[in-house]
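Chemist: Based on what follows, work out the 3D shape:
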Amino acid sequence: MIFPETSAESAAGAPICSAKGCRADAVWVLAWNNPKLHTPERRKTWLACDEHREHLSQFLGVRGFLKDVVALKDWESGSGSQGESGSGA
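Modeler: Next up, the predicted model:
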């Protein structure tokens, strides 16, 4: 199973996928929250490449945490629901 790490950047400064061990450029933002820990409006984020988008979405979805999946370019331009980034609680 692939578990996310803290988001990071490539040597070129581009955001990379949150999947453990993946160094691919991020293309997607997965906005989520844990209702047992976070207020309803709070959004944590994981970043995903095309290859890991579905797996990370399923991981969050089966727990009832996934709130939205937005293209990174839209998220950065303000078209997505921006919140706090990172992984974990």
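Chemist: Can you name the residues bridging to the most centrally placed residue in the chain?
Modeler: Centrality entry for the chain: nearest residue to the mean C-alpha point is Trp46, 1.6 Å, by CA atoms, centre = their mean. Judged by DSSP bridges, the bridge partners of Trp46 are Leu30.
Chemist: Quick check: next helix or strand after the longest helix that the chain contains?
Modeler: Longest helix in the chain, counting residues (DSSP state H): helix 53-61. Using DSSP states H and E, the helix or strand that follows helix 53-61 towards the C-terminus is strand 66-71.
Chemist: pLDDT averaged over that following strand - what is it?
Modeler: Averaged across strand 66-71, pLDDT comes to 97.
Chemist: Can I get the helix or strand that it is followed by in CSV, CA atoms only?
Modeler: Using DSSP H and E, the helix or strand that follows strand 66-71 in sequence is helix 72-77. Taking C-alpha atoms only, helix 72-77 is exported to CSV below (Å, rounded to 0.1, in the frame of the first residue of the first chain):
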residue,chain,number,x,y,z
LEU,A,72,-3.2,21.6,-9.1
LYS,A,73,-3.2,24.5,-11.6
ASP,A,74,-6.8,25.4,-10.7
TRP,A,75,-6.0,25.1,-7.0
GLU,A,76,-3.0,27.4,-7.3
SER,A,77,-5.1,30.0,-9.3
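Chemist: Please name every helix or strand in contact with helix 72-77.
Modeler: strand 28-32 (3 or more CB pairs under 8 Å, 6 or more residues apart in numbering; DSSP states H and E). C-betas here are computed from N, CA, C, even on glycine.
Chemist: Just want the angle from the strand it packs on to helix 53-61.
Modeler: Using axes from the mean of the first three to the mean of the last three CA atoms, to 10 degrees, one finds that strand 28-32 and helix 53-61 are set 0 degrees apart in direction.
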